[in-house]
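Q: Predicted model and sequence follow; I will ask about them next.
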Amino acid sequence: MTSLTAHRSDEPADVPEALRTARRTIDNIDAALVHMLAERFRCTKQVGVIKADLGLPSSDPERERRQVARLRALAEEAGLDPVFAEKFLGFIVEEVIRHHEDIAATRGD
Ligand SMILES: O=C(O)C(=O)C[C@]1(C(=O)O)C=C[C@@H](O)C=C1
């Protein structure tokens, strides 16, 4: 193991190689998640502006119902706990709705 590797992975020198390798994969996936979430929020902020301009409500429970059904089915196919997938979506959507409300408030709606 080189000092460059140690620095890049930010791991103590005594971490076993198999664990180090797994953690590199985890770090890559976490980075991808952050980038994907940033893109999603960039997009939903545009949705917030559209909704505020058209006087539409911040939340759309019917749309959310369809998203939950779709994501639960995808999760089952993928071997991910569908309850977790639903909770994760709900956590994100809750934040999106807060953003929509802020946008509507600042645009005088
Ligand atoms: O699709 C919308 O209408 C949105 O505002 C986006 C979104 C989401 O984040 O997916 C957020 C709030 C709504 O209740 C439903 C879905």
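A: Now that the structure is in, tell me what you want to look at.

Q: so what pLDDT did residue 2 get?
A: Here, the pLDDT recorded for residue 2 equals 47.

Q: same check, this time on residue 39
A: 98.

Q: which residues sit in contact with it?
A: Residues near residue 39 by Cβ atoms under 8 Å, 6 or more residues apart in numbering: none. The C-beta positions use only the backbone N, C-alpha and C, and glycine is treated the same way.

Q: Which helix or which strand is home to residue 33?
A: Counting by DSSP states H and E, the element that carries residue 33 is helix 17-54.

Q: what's downstream of that helix, the next helix or strand?
A: Taking DSSP H and E, what comes next after helix 17-54 is helix 61-78.

Q: tally of neighbours for residue 76?
A: As a burial measure, residue 76 scores 12 neighbours (other Cβ atoms under 10 Å).

Q: Leaving out the residues flanking it, which one is nearest to the one residue sitting closest to the centre of the chain?
A: Residue closest to the average C-alpha location in the chain (Cα atoms, centre = their mean): residue 37, at 4.0 Å. Among residues not flanking residue 37 along the chain, residue 92 sits closest, at 7.4 Å (Cβ to Cβ, 6 or more residues apart in numbering).

Q: Residue 107 now?
A: Leaving aside its chain neighbours, residue 107 sits nearest to residue 52 (4.5 Å; criterion: Cβ to Cβ, 6+ apart).

Q: show me what contacts that neighbour?
A: Contacts of residue 52 by Cβ under 8 Å, 6+ apart are 100, 103, 104, 107, 109.

Q: To be precise, which single item in those has the lowest pLDDT?
A: Among the contacts of residue 52, residue 109 has the lowest pLDDT, at 50.

Q: give me phi/psi at residue 81?
A: phi -60, psi 120 (degrees, to the nearest 10).
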